[in-house]
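Undergrad: A structural model of the following input is requested.
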Amino acid sequence: MENTNNVTEFILHGLTQDRTVAKVCFLLFLLFYTTTVFGNLLIILTIRTSDLLNSPMYFFLSYLSFVDISYSTASAPKLIHDLLVEDRTISFVGCTAQLFCIHFFGCTEVFLLVAMAYDRCVAICKPLHYPSIVSPRVCRCLVAASGLGGFVHSLVQTLLVFQLPFCGPSNGLDHYFCDVHPLLALACADTHTVSVSNAVSTGLISLGCFGGLAASYTAILASLRTRSPKGRLKALYTCSSHITVVMLFFGPCIFIYLRPSSTFPADKVVSLFYTILTPMLNPFIYTLRNQEMKNSMKTLWSRTVRRSEE
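TA: Residues are numbered from 1 along each chain as shown. All right, here's what the predicted structure looks like:
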């Protein structure tokens with residue numbers, strides 16, 4: 001197939017064409033993005049400066065916060081900018097980079113959530129062997145493997161989409177960022193093979209990750225049968241934040257990507273959950289339910305205040 005691209009830029013239709021609604025959305029999403037960046041930066045800073053938060057769980061959490069910032073940054077600034085301007089274009093190269101970054105950080109987050117589930121499984125099921133099984137070296141390897149897996153997945157998705165020709169004259173993407181399904185709708189070639197390949201790739205990753213999560217929590221529930229009611233509640237409480245994040249992230253992603261190449265009016269709204277809302281909510285989910293994090297943040301704040309007064 002000859003790859004002939006007459007399209008040098010794409011036009012993002014965005015969330016709304018109503019200028020009044022757009023201004024309201026601008027303020028709302030600017031607040032969301034600012035909260036995402038500062039909230040996750042606070043988690044990273046707290047973990048890095050606290051002597052108490054040195055367990056593998058917090059090691060993974062600090063990297064999850066970094067990925068959340070990066071993931072949201074791949075789409076939110078462009079969305080916020082486009083809500084106030086008439087020109088919503090994005091260059092061909094910019095669209096390619098955005099698609100790659102969104103899938104890279106999104107897939108990396110999925111693998112990190114599986115690694116965190118494994119960490120909780122070992123901590124609850126084999127507490128005496130936990131330090132030796134989930135050692136610092138193992139933690140670094142799991143984070144590196146998550147990043148590598150995200151890179152390979154994103155590279156495959158990007159190459160599959162952009163090896164197609166975009167001949168024009170239509171170059172309008174009915175979305176607020178460059179994604180697979182809206183781009184396939186503009187390709188001037190048969191996209192069935194690419195669509196199936198995309199669904200298979202995403203499906204295999206989702207199935208594998210779901211299997212890892214299910215196995216981890218099945219083992220946790222099995223080990224809790226021998227514990228007292230108080231011990232069960234304590235163990236489940238330590239997993240509740242992770243379960244909440246998994247549900248918020250996986251649900252919308254499955255709705256968007258585990259289907260043939262098609263777009264629905266609800267896609268843009270659903271995409272907001274995993275690109276904007278979940279990265280913003282993660283700091284609240286992990287801190288409001290975690291006394292160690294709250295105490296360390298108070299210590300960090302007190303230390304900062306003392307230094308400012310000196």
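
Undergrad: Which residue lies nearest the spatial centre of the chain?
TA: Gly106 (4.1 Å; C-alpha atoms, centre = their mean).

Undergrad: neighbours around the closest residue to Met280 other than its chain neighbours, how many?
TA: Distance criterion C-beta to C-beta, 6 or more residues apart in numbering; nearest residue to Met280, sequence neighbours excluded, is Thr36 at 4.3 Å. The way it works is simple: take the backbone N, C-alpha and C, and place the C-beta from them, glycine included. For Thr36, the neighbour count with other C-beta atoms under 10 Å is 25.

Undergrad: Just to check, Thr36 is in contact with Asp68?
TA: Yes: the criterion here is C-beta atoms under 8 Å, and Thr36 meets it with Asp68 at 6.6 Å.

Undergrad: Now for these two: what residues contact both?
TA: The contact sets of Thr36 and Asp68 overlap at Pro279 (C-beta atoms under 8 Å, 6 or more residues apart in numbering).

Undergrad: what packs against the worst-scoring helix or strand of the chain on mean pLDDT?
TA: When the helices and strands of the chain are scored by mean pLDDT, DSSP states H and E, helix 229-257 comes last with a mean of 72. The contact analysis (3 or more C-beta pairs under 8 Å, 6 or more residues apart in numbering; DSSP states H and E) places helix 229-257 against helix 92-125, helix 192-224, helix 267-272, helix 278-288.

Undergrad: Which parts of the stretch 1-150 of the chain are strands?
TA: 9-12, 89-91 (DSSP state E, counting those that start in this stretch).

Undergrad: mean confidence score for the first one?
TA: Going back to what we said before, that points to strand 9-12. Throughout strand 9-12, pLDDT has a mean value of 90.

Undergrad: Please convert the helices and strands packed on helix 229-257 to JSON lines, extending it with mean pLDDT and distance to Leu45.
TA: Shown next, in JSON lines, are the helices and strands packed on helix 229-257 (pLDDT from 0 to 100; distance: least, C-beta to C-beta, whole Å):
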{"stretch": "helix 92-125", "mean pLDDT": "92", "distance to Leu45": "19"}
{"stretch": "helix 192-224", "mean pLDDT": "83", "distance to Leu45": "29"}
{"stretch": "helix 267-272", "mean pLDDT": "80", "distance to Leu45": "27"}
{"stretch": "helix 278-288", "mean pLDDT": "82", "distance to Leu45": "12"}
